[in-house]
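Trainee: Pasting the sequence and the predicted coordinates here, then a few questions.
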Amino acid sequence: MRLQFAPYTLKFKTPAGTSRGVLTEKITAYLRIFDENDPSIYGIGEAAIFPGLSPEADDRYFYKMVELVTNVKLGIPTDLSRFPSIQVGFEQALLDFSNGGKGIYFPSSFTSGENSIEINGLIWMSDFDRMMLQVEDKLKQGFRCIKIKIGAIEWNKEIKLIQFIRSHFSRKEIEIRVDANGAFSMDDVIPKLKALADLDVHSIEQPIRQGSPELMKFLCEITPLPIALDEELIGKFTMEEKERLLSEVHPQYIVLKPSLAGGFSGCTEWIGLAEKYGIGWWVTSALESNIGLNAIAQWVATLPTSLPQGLGTGGLFTNNFQSPISLQGDRLYYKPALGFDKSQIDGLDWRD
């Protein structure tokens, strides 16, 4: 077997605002695995690194990629437990190859075009007027769950935005989630949680920065608003570390990003532990291109989900890839007739 990788820079159509700054581009890399006897049939995966969040977002990333490529050629295993983005990309490539190299990772009624996945509409941080336009657009598209990234503009304007939604739609009509990306401090977090709860917000992701489990545990115990751990899951590599976090902090929800939380295998462990402790969960993408998003959506379609998922980022980039994934209203569909454009993939800067 042979493995190759190709670095790639995704370009945002419009700047994407987060509490960590504004993104105009994002690096990623693709992996393809094939039998040297027939290189035309290959499995493709995406190792979507996220600078500032991925535990391997430094020089180790490409060194590990080269090590993996070499080890596949030699037929020896590679420890990817601390490289979740590479792990999930490699998992994807292997799954695709084992299913014939046709972009099918998890065959199901979703990939046959029979079922769909409900997702939330994502509102990026910006100035108030632009965020309001995003909200109005998502509501017109028919989304029943809106996720708003907060923490970058004035708090009173963010509350005004949520009040606008609630003045037109009840909680039964529109579910509102917010994602603070750790923007709140312990000095202001409790009154802000109360204000959000008063507006019938469903939940808040990562209200304070990760790395303070004792404070997070305290918040989860007294919060008037359900808390979802997101960044707090990053860097927990073993079952013991994962179980310790969930059993001690006991959040109301966890948010799973396969590229950050241990790939499909690691996220499956998180789900098992969450169900053990009565913790809800949903899956979100981590700004993958359509290649990674396709694989994650197929995986999600095999899970016993009951909540809207966070898989709507496929339309963010100017240089994305043709994809069988299609968004109609607030639902993702797989269109078997579309498939991938192999010429786009073949034209990447493949290295081995």
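Mentor: In hand now; what should we look at? Note that the structure is a prediction, hence the values are computed from the model and not measured.

Trainee: hey, let's count contacts and neighbours off CA atoms from now on
Mentor: Noted.

Trainee: Show the contacting residues for Asp341.
Mentor: Phe321, Gln322, Ser323 (CA atoms under 8 Å, 6 or more residues apart in numbering).

Trainee: Local confidence estimate at it?
Mentor: pLDDT, Asp341: 85.

Trainee: Next one: the one residue sitting closest to the centre of the chain from Leu303, what distance?
Mentor: By CA atoms, centre = their mean, the mean C-alpha position of the chain lies nearest to Ser285, the distance being 2.0 Å. Taking CA to CA, to the nearest Å as the measure, Ser285 falls 15 Å from Leu303.

Trainee: Could you do Val69 as well?
Mentor: 31 Å.

Trainee: I'd like the distance from the residue nearest to the centre of the chain to Gln309, if you could.
Mentor: Counting by CA to CA, the gap from Ser285 to Gln309 is 9 Å.

Trainee: Quick one: mean pLDDT for stretch 126-146?
Mentor: Rounded mean pLDDT across stretch 126-146 is 90.

Trainee: got the buried residues for that stretch?
Mentor: Within stretch 126-146, the residues that count as buried by 16 or more other CA atoms under 10 Å are Ser126, Met131, Met132, Gln134, Val135, Lys138, Leu139, Phe143, Arg144, Cys145, Ile146.

Trainee: And stretch 311-328, by the same measure?
Mentor: So, applying 16+ other CA under 10 Å, buried residues of stretch 311-328: 311-314, 316-317, 320-327.

Trainee: Those in strands, which ones?
Mentor: Ile325, Ser326, Leu327 (DSSP state E).

Trainee: Out of those residues, which comes closest to Thr238?
Mentor: Ile325 (32.6 Å; CA to CA).

Trainee: show me what contacts Gln206?
Mentor: Gln206 neighbours (CA under 8 Å, 6+ apart): Asp179, Ala180, Asn181, Gly182, Ile227, Ala228, Leu229, Asp230, Glu231, Glu232.

Trainee: repeat that with 7 Å
Mentor: Going by CA atoms under 7 Å, 6 or more residues apart in numbering, Gln206 touches Asp179, Ala180, Asn181, Gly182, Ala228, Leu229, Asp230, Glu231.

Trainee: Name the nearest residue to Val283, sequence neighbours excluded.
Mentor: Among residues not flanking Val283 along the chain, Leu256 sits closest, at 4.6 Å (CA to CA, 6 or more residues apart in numbering).

Trainee: That neighbour is in contact with Thr284, isn't it?
Mentor: Yes. Applying CA atoms under 7 Å, one finds Leu256 in contact with Thr284, separated by 6.0 Å.

Trainee: Compare the two and say which is more crowded by neighbours.
Mentor: A count of neighbours by other CA atoms under 10 Å puts Leu256 above the other of Leu256 and Thr284, at 29 against 23.

Trainee: neighbour-wise, which of Val69 and Leu303 wins?
Mentor: Val69 (22 against 10).

Trainee: Without its sequence neighbours, what residue ends up closest to that one?
Mentor: Leu3 (5.2 Å).

Trainee: Burial check on that neighbour, number of neighbours?
Mentor: Look at Leu3: counted by other CA under 10 Å, it has 26 neighbours.

Trainee: residue ranges with poor pLDDT in the stretch 251-352 of the chain?
Mentor: 313-314 (pLDDT under 70).

Trainee: what helix or strand does Lys242 sit in?
Mentor: Element membership for Lys242, per DSSP states H and E: helix 239-249.
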